[in-house]
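Peer 1: Need coordinates for the below:
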Amino acid sequence: MEKKYINRFRSFQSSLASLEEARSRDMTDDFVVSGTVQKFCLTFDISWKVMKDIIVNYHKISDFAAGSPRETLRTAGSVRLISGDLWMKMLQDRNDLTHDYDGSLAREAVGRIVEWYLPKLEEFEKTAADYITKMDHEE
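Peer 2: Numbers count the residues shown, from 1 in each chain. Below is the predicted model:
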């Protein structure tokens, strides 16, 4: 039976691959903007849960609020799983976008998603893949 953290990582990879399509889409189309934002929110949410899996299973740290994306990001930064302040900006945008009822925030955020956040998520995918491989071989 496959380990839960491997399934979650594969879900992250799949979601990220779908989000990467945004680079070749027309961001003046409201439907494309909406889909990009939804895919970003999903990808971000899975990413911090993958971070949590690595922190708990590889680094053996469990004394943080594992259900909190903010605490998970802080802990991930402290173990050098991620770097930079952009992750907290991503969290803020994800939180704001969940309350964007008229689409105005989505139109603002879509540029950041494609230009700034997507490269960070791709960078994390490479880092996480190394950890997942190590974790799978240790067990």
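Peer 1: just for the chain, where's the confidence low?
Peer 2: 1-2, 139 (pLDDT under 70).
Peer 1: At which residues are the helices of it located?
Peer 2: 4-20, 30-57, 69-78, 86-97, 104-112, 118-138 (DSSP state H).
Peer 1: Among the ones you listed, which comes closest to residue 63?
Peer 2: Of all the helices of the chain, helix 69-78 sits nearest to residue 63, with 9.2 Å by Cβ to Cβ. For glycine as for every other residue, the C-beta is placed from the backbone atoms N, C-alpha and C.
Peer 1: next one: the closest one to chain centre, how far?
Peer 2: Here the centre of helix 69-78 is set off from its chain's centre by 12 Å, with Cα atoms, centre = their mean, to the nearest Å.
Peer 1: contacts for that helix?
Peer 2: Contacts to helix 69-78, defined as Cβ atoms under 8 Å, 6 or more residues apart in numbering, come from residues 45, 48-49, 51-52, 54-55, 61, 64-66, 82-83, 87-88, 91, 94.
Peer 1: Next: stretch 59-66.
Peer 2: Contacts for stretch 59-66 (Cβ under 8 Å, 6+ apart): 52, 55-56, 71-72, 74-75, 79.
Peer 1: can you check stretch 51-58 too?
Peer 2: So stretch 51-58 is contacted by 4-5, 8-9, 61-62, 64, 66, 72-73, 75-76, 79, 81-82, 124, 128, 131-132, 134-135 (Cβ under 8 Å, 6+ apart).
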